[in-house]
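1. What shape does this take:
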Amino acid sequence: MRAIIKDMVCINSIKLMFILLRIYMAGIIQVALEILLCWQTKEAVS
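-> The predicted structure is shown next:
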């Protein structure tokens, strides 16, 4: 019984890690796009 709970916790933590990684990656991409957009508008203005 204890082994099953251990496996469940392990699987859940791996799932959580993947979700966090996905959110982290999405955040980085979003920030990069915003910086790129800002830089492009600055280039267009100058």
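2. To which secondary structure element is the residue most central in space within the chain assigned?
-> The residue lying closest to the centre of the chain (C-alpha atoms, centre = their mean) is Y24, at 2.0 Å. Using DSSP states H and E, Y24 maps to helix 2-45.
3. which sections of this structure are below the confidence cut-off?
-> Under the criterion pLDDT under 70, no range of the chain is flagged.
4. And for R2, the neighbour number?
-> Neighbour count of R2, defined by other C-beta atoms under 10 Å: 6. Placement of C-beta: from N, CA and C, glycine included.
5. Give me the distance between it and L16.
-> 21 Å (C-beta to C-beta, to the nearest Å).
6. OK, contacts around the residue nearest to the centre of the chain?
-> Contact analysis of Y24 by C-beta atoms under 8 Å, 6 or more residues apart in numbering lists nothing.
7. Distance-wise, check C10 relative to A3.
-> Distance of C10 to A3, computed by C-beta to C-beta: 10 Å.
8. So which of these two has more stuff around it?
-> Ranked by neighbour count (other C-beta under 10 Å), C10 and A3 place C10 first, with 10 against 7.
9. From L16, how far out is that one?
-> From C10 to L16 the distance is 11 Å (C-beta to C-beta).
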